[in-house]
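1. just a sequence and a predicted model for now, questions to come.
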Amino acid sequence: MSDTVSRPWRPTRNQKIVAILVLLIAWTAMAGSWTDKGCTLPQGYMFVISHGGSPDRDQGCEDEPGGPEYTDTYYG
């Protein structure tokens, strides 16, 4: 029998960096789908987190005097 102790698998530094980059790319892609619905990119990033991803068919932003505002009755 071996006297070595089995250690659990741990990701390397490069694997962590790649995972973070993949998450940022996915987050940006989903935020971009909100911009297609009339929202600004910063709003898109926020909506990805608050709404759990890309917009549904009836979600988006409408132009308002103070800038685009979220609506769940989007028909654009």
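-> All right, it came through fine.
2. can I take it that Tyr70 is in a strand?
-> Yes: assigned with DSSP: H, G, I helix; E, B strand; the rest coil, Tyr70 falls within a strand.
3. immediately after the longest helix seen in the chain, which helix or strand?
-> Looking across the chain with DSSP state H, the single longest helix is helix 13-35. Stepping forward along the backbone from helix 13-35, the first helix or strand reached (DSSP states H and E) is helix 41-51.
4. so which residues make contact with that following helix?
-> Contact partners of helix 41-51, identified using Cβ atoms under 8 Å, 6 or more residues apart in numbering, comprise 27-28, 30-35, 39, 54-55, 59, 61, 68, 70. Where you see a C-beta, it was placed from the backbone N, CA and C, and this is true even at glycine.
5. pLDDT below threshold where in this structure?
-> Judged by pLDDT under 70, the chain has its weakly predicted residues at 1-2, 75-76.
6. which residue is nearest the middle of it?
-> With distances taken as Cα atoms, centre = their mean, the chain has Trp27 as the residue nearest its mean C-alpha position (2.7 Å).
7. could you pull up the residues touching the nearest residue to Ser54 once chain neighbours are set aside?
-> Once its chain neighbours are removed from consideration, Ser54 has its nearest residue in Ser33; the separation is 4.3 Å (Cβ to Cβ, 6 or more residues apart in numbering). Taking Cβ under 8 Å, 6+ apart, we find Ser33 in contact with Gly44, Ser54, Pro55.
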